[in-house]
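Sharing a model prediction with you, sequence too.
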Amino acid sequence: MNNDLVIKNLHVEVDGQEILKGIDLTVEQGKIHAIMGPNGSGKSTLAYTLAGHPRYEVTEGEVWYKGQNVLDLEPDERARLGLFLAFQYPVAVAGVSVANFLRAAINAHRAEEGVDPRKTAIPVAEFRKKLRERLQLLNMDESFARRYLNEGFSGGEKKRLEILQMAMLEPSMAVMDETDSGLDIDALRIVANGINSIKEQRPEMGILLITHYQRLLNYIKPDVVHVLMDGRIVREGGPELALELEEKGYDWIREEVIGHAS
C-alpha cells in the first residue's frame, strides 16, 4: 500500500474567508517535507484542516492516505489511521498526568470497533517499559511523566511532550505545526534531536514540518521544501531553498509569483 499523504486541490474557508486556494502536495513515506511561508499564508490552516478541526471548512479537494480520503474521517479515526498532529499551542489539562494521558492515547489507538476495550488496552507493564525507553531516547527525566499535562510547562517542555507523544504513538505520518515557535536555541536543539531520534528509529515515517523560519531546518534536514504563499504552493526545492529564504526573505518569491500571474 502506498503510504504517501496526497493532498489534491484543497480549498479551505475559515469564517467565510477562503484561506487555502488549491493546495496540491504529496508528502512521501519515509521522507521529511518542510512547508515554509510568511505569516498569514495558510500554514496552520493546513495543519488544522488535516486534523479535522470543525472551524476549518473544506469547500473543495481531497486528502488521501492509506487508501482513504481522510476528510471523510473523524479526528480520532485519522489518528488511528496513523496520522499524528503536533500543534503550535497545546492545551493544559489539570489533574491528568502525562503518563495517564499517554496510556489513554495509546489505548484509543488500539481500540477496535465492537471489541471490549479491556481486551485491546496496553498492559501496564508493557506501557511502563515503553515509556521508560522513550524517555531515555529523548533524554527526558522519568519525573516528567508524573507531571500534569502541560500545566506550568515552559514552551520547550510543551514541545518535548509532543515529541514524547509521537514517540509513544509511533505514527506512520507526522504533521508538526510551528514546532520551533517560542523556543530558545537550547530548547530548539533538544526538540530537533528528539525528532531526529524518532526518525532514526522509524525511517519509514513521513514527516511534514510546518515552519516560518529556516532555523529548525538547521537541525532537521528536509528532503523537500515547499513554499506556501497566499493559500497556494508557489515553489518547491531541496534544502538549499530554505537557506535562500533565510537570506533573501519571501519578497523575491512574491515578486516572481506576481510576475508570472500578470
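That came through fine.

Name the helix or strand of the chain that has the lowest mean pLDDT.
helix 251-261 (a mean of 75; mean pLDDT, DSSP states H and E).

the helices in the stretch 151-262 of the chain, which residues?
155-169, 185-201, 239-248, 251-261 (DSSP state H, counting those that start in this stretch).

Make TSV from those helices and add distance to residue 34 to it.
Yep, even glycine has a C-beta here, placed from its N, CA and C like the rest. Listed next are the helices of the stretch 151-262 of the chain as TSV, based on distance: least, C-beta to C-beta, whole Å:
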stretch	distance to residue 34
helix 155-169	17
helix 185-201	12
helix 239-248	7
helix 251-261	15
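
hey, which of the ones you listed is tucked in deepest?
Of these, the one with the most neighbours on average (mean count of other C-beta atoms under 10 Å) is helix 155-169, at a mean of 21.

Quick one, which of the helices of the stretch 151-262 of the chain gets closest to residue 24.
Residue 24 lies closest to helix 251-261 among these, at 15.3 Å (C-beta to C-beta).

hang on, isn't residue 166 packed against residue 198?
Yes: the pair residue 166 and residue 198 qualifies as a contact (C-beta atoms under 8 Å) at a distance of 6.1 Å.

And for residue 45, the neighbour number?
Here the count is done by other C-beta atoms under 10 Å, and residue 45 has 23 residues near it.

what do you get for residue 60?
Look at residue 60: counted by other C-beta under 10 Å, it has 14 neighbours.

neighbours around the closest residue to it other than its chain neighbours, how many?
The shortest distance from residue 60 to any non-neighbouring residue, by C-beta to C-beta, 6 or more residues apart in numbering, is to residue 11 (4.0 Å). Using other C-beta under 10 Å, residue 11 has 17 other residues around it.

can you check residue 20 too?
Neighbours around residue 20, by other C-beta under 10 Å: 28.

and what of residue 107?
15.

Hmm, residue 123 and it touching each other?
No: counting by C-beta under 8 Å, residue 107 sits too far from residue 123 to count as a contact (10.7 Å).

Okay, now the unreliable bits of the stretch 1-150 of the chain?
Along the stretch 1-150 of the chain, segments meeting pLDDT under 70 span 1, 87-90, 113-114.

tell me the strands in it, going along the chain?
Ranges of strands in the stretch 1-150 of the chain, per DSSP state E, counting those that start in this stretch, are 5-14, 17-27, 32-36, 56-65, 68-69, 83-86, 93-97, 148-149.
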